[in-house]
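1. Predicted coordinates and the sequence they were generated for:
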Amino acid sequence: MENNDLMDALGRIQCVDPPPFLFTRIEARIAARVVVPRARLIAVACASAFLLLVNAAVLTRTSSTRSGLSLGDVVEVMGMNASNQLYE
């Protein structure tokens, strides 16, 4: 019986028109709140550039000093299975 009452109540719900220019007001409020200070923007850009330079330096240093390990040795050290067979 409760389901029928609930369905009757839901059947009487009607659409409500939003206030005029609601979307425009929402966009304006969002645009007013999202302000990134210039100092923070410069700090993030400098930190990103520094990280890229450090990564490039590490990559060039490690690529110039190759170790004698082959891919098979790495797989064995990590305890991985070198075979692609599902059932062995």
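-> Done, it's in. Numbers count the residues shown, from 1 in each chain.
2. got the contact list for residue 16?
-> When contacts are counted by Cβ atoms under 8 Å, 6 or more residues apart in numbering, residue 16 touches no other residue. The way it works is simple: take the backbone N, C-alpha and C, and place the C-beta from them, glycine included.
3. where does it sit relative to residue 26, distance-wise?
-> 17 Å (Cβ to Cβ, to the nearest Å).
4. so where's the chain uncertain?
-> 1, 62-69, 82, 88 (pLDDT under 70).
5. show me the biggest helix of it in terms of residues.
-> Secondary structure of the chain per DSSP state H: the longest helix is helix 38-64.
6. starting at the chain centroid, how far to that helix?
-> 20 Å (Cα atoms, centre = their mean, to the nearest Å).
7. For residue 80, what are phi and psi?
-> Here is the backbone geometry of residue 80 (degrees, to the nearest 10): phi -90, psi 160.
8. oh sorry, the question was meant for residue 35
-> Torsion angles, degrees, to the nearest 10, at residue 35: phi -130, psi 120.
9. How many neighbouring residues does it have?
-> 7 (other Cβ atoms under 10 Å).
10. begin at 737 from here
-> With 737 as the first residue, the last one maps to residue 771.
11. That one and residue 743: what is the separation?
-> 48 Å.
12. Show me what secondary structure element comes after the longest helix of the chain.
-> helix 807-813 (DSSP states H and E).
13. What residues of that next one count as buried?
-> By neighbour count with 16 or more other Cβ atoms under 10 Å, helix 807-813 contains no buried residues.
14. Stretch 752-760 now?
-> So stretch 752-760, judged by 16+ other Cβ under 10 Å, has zero buried residues.
15. Could you tell me the end-to-end distance of it?
-> 18 Å (Cα to Cα, to the nearest Å).
16. so how far is it from its chain's centroid?
-> Worked out by Cα atoms, centre = their mean, stretch 752-760 lies 32 Å from the chain centre.
17. Only the buried residues of stretch 766-780, if you could.
-> Per 16+ other Cβ under 10 Å, stretch 766-780 contains no buried residues.
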